[in-house]
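Trainee: Okay, predicted coordinates and the sequence, questions at the end:
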Amino acid sequence: MSKSALIVGSSGIVGSAAADLLNARGWTVHGLTRSGASQPGVVPLAADLRDGAATQAALAGIDPDLVIVATWLRQPSEAENIAVNGAMVRNLLDGLRRPTRARHVALVTGLKHYLGPFEAYGQGVLPQTPFREEQGRLDVENFYYAQEDAVFAAAARDGFSWSVHRPHTIIGKAVGNAMNMGTTLATYAVLCRETGRPFRFPGSAAQWAGLTDMTDASLLGEHLLWAAETPGAHDEAFNVVNGDVFRWQWMWGRIAAWFGIEPAPFDGEVMPLEQQMADDAPIWRALAEREGLAEPDLARLASPWHTDADLGRPIEVVTDMGKSRALGFTGYRSTDAAFYALFERLRAERLIP
């Protein structure tokens, strides 16, 4: 019998990549989203995780071997993020019946575990880089910690194993995703080419010149499955990145070259994309109509606020993966190749011209 998985947030960047991998490995995949939208190879389930009763009803017929939690809802404050996103994980795990066989729950969070929440992002006293899992939690409120605590409590109650996965900025395809640097940079490059505006790095000098890394969504999917199937990785938290490092002063030129434009010189001034792209929605809509693109709504493709948060950080951010390597995970991606693969897919699916 094939194993079964429940992916919560199956239409997002992480969830869709994990679904593709599990389908290829012969798993039965259930996908829980608020809309219950259909996806190839995914049995759709619909529920709003803020509603415990509705969540329990939606999950009544399944007993998955693997649960991947790859969703969150952005709120106006971190206190509300904690209340809402912590409750969503509790409602999910309360709504699943007690496992009748071994079950693993994988929670996807991120480097805000080390950098702090959006309200205090990259501020105050931060751990030294490269970030390592044993550095623990910051002394600030953080909804990632609330999500972890909900998983830990349910695991102690129901007897399943767990893993926490902390990717850096994720490269992958999803429409309507709240955190999507790859597609944001693709639309920005297309708009610069269309309008003749300079393709200018929007972030800080520290990010421009410092070392950094990223996480390809397909690699993260491999890491999620590896942790579920590796007993030594159970009940552990992991960083997960591609395995290479780069500087944006190098990567920016490579992205520009893919789109056939010249990168503008960087003068050290921060020019956020949220400001640069503020009036671009009608330009994109006209471009989409002219080129026959699949998504005319720029807001469903680009998330400038999140890209600005990452590229505007005042510190160098590099992530250690020694813990995974010591346990046998050998996955690797070249980050520039991951960008190129995403851009090719966006073009093939008529999301960019």
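Mentor: Arrived safely, thanks for sending. Numbers count the residues shown, from 1 in each chain.

Trainee: Output the host helix or strand of residue 285 as CSV, nothing but the C-alphas.
Mentor: Following DSSP states H and E, the helix or strand that holds residue 285 is helix 281-291. Taking C-alpha atoms only, helix 281-291 is exported to CSV below (Å, rounded to 0.1, in the frame of the first residue of the first chain):
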residue,chain,number,x,y,z
ALA,A,281,-0.1,47.3,-11.6
PRO,A,282,-1.7,49.0,-14.7
ILE,A,283,1.5,48.7,-16.7
TRP,A,284,1.6,45.0,-15.9
ARG,A,285,-2.1,44.5,-16.8
ALA,A,286,-1.5,46.2,-20.2
LEU,A,287,1.6,44.0,-20.7
ALA,A,288,-0.3,40.9,-19.8
GLU,A,289,-3.1,41.7,-22.2
ARG,A,290,-0.7,42.4,-25.0
GLU,A,291,1.4,39.3,-24.4
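
Trainee: Buried by neighbour count: which residues of the helix or strand following that helix qualify?
Mentor: Scanning forward in sequence from helix 281-291 by DSSP H and E, the next helix or strand is helix 304-311. When burial is assessed from 16 or more other CB atoms under 10 Å, helix 304-311 yields the following buried residues: 304, 306-311. Heads up, the C-betas are built off the backbone N, CA and C, glycines and all.

Trainee: Pull out the buried positions in the longest helix along the chain.
Mentor: As assigned by DSSP state H, the longest helix anywhere in the chain is helix 78-95. Buried positions in helix 78-95, judged by neighbour count with 16+ other CB under 10 Å: 78, 81-82, 84-95.

Trainee: for the helix holding residue 285, the distance to its chain's centre please.
Mentor: For helix 281-291, the distance between its averaged C-alpha position and the chain's averaged C-alpha position is 27 Å (CA atoms, centre = their mean, to the nearest Å).

Trainee: Quick check: mean pLDDT of it?
Mentor: The average of the pLDDT scores along helix 281-291 is 98.

Trainee: so what secondary structure elements neighbour that helix?
Mentor: Of the remaining helices and strands, those touching helix 281-291 by 3 or more CB pairs under 8 Å, 6 or more residues apart in numbering; DSSP states H and E are helix 181-195.

Trainee: For the stretch 51-200 of the chain, which residues score under the pLDDT cut-off?
Mentor: 121-124 (pLDDT under 70).

Trainee: so where do the helices sit in it?
Mentor: Assigned by DSSP state H, counting those that start in this stretch, the helices in the stretch 51-200 of the chain fall at 52-58, 78-95, 112-115, 143-158, 181-195.

Trainee: ok, so of the buried residues of helix 78-95, who is nearest residue 341?
Mentor: For these, the closest approach to residue 341 (CB to CB) belongs to residue 85, at 30.2 Å.

Trainee: quick one, what contacts residue 334?
Mentor: Contact criterion CB atoms under 8 Å, 6 or more residues apart in numbering gives 242, 244 as the residues in contact with residue 334.

Trainee: okay, it: pLDDT?
Mentor: Per-residue confidence at residue 334 stands at 98 (pLDDT).

Trainee: what's the distance between it and residue 16?
Mentor: In this view, residue 334 and residue 16 are 21 Å apart by CB to CB, to the nearest Å.

Trainee: what bridges to the nearest residue to residue 192 once chain neighbours are set aside?
Mentor: Setting aside the residues directly before and after it, residue 192 is nearest to residue 199 in space (CB to CB, 6 or more residues apart in numbering), at 4.4 Å. In this structure, residue 199 has the following beta-bridge partners (DSSP bridges): residue 263.

Trainee: Alright, calling it a day.
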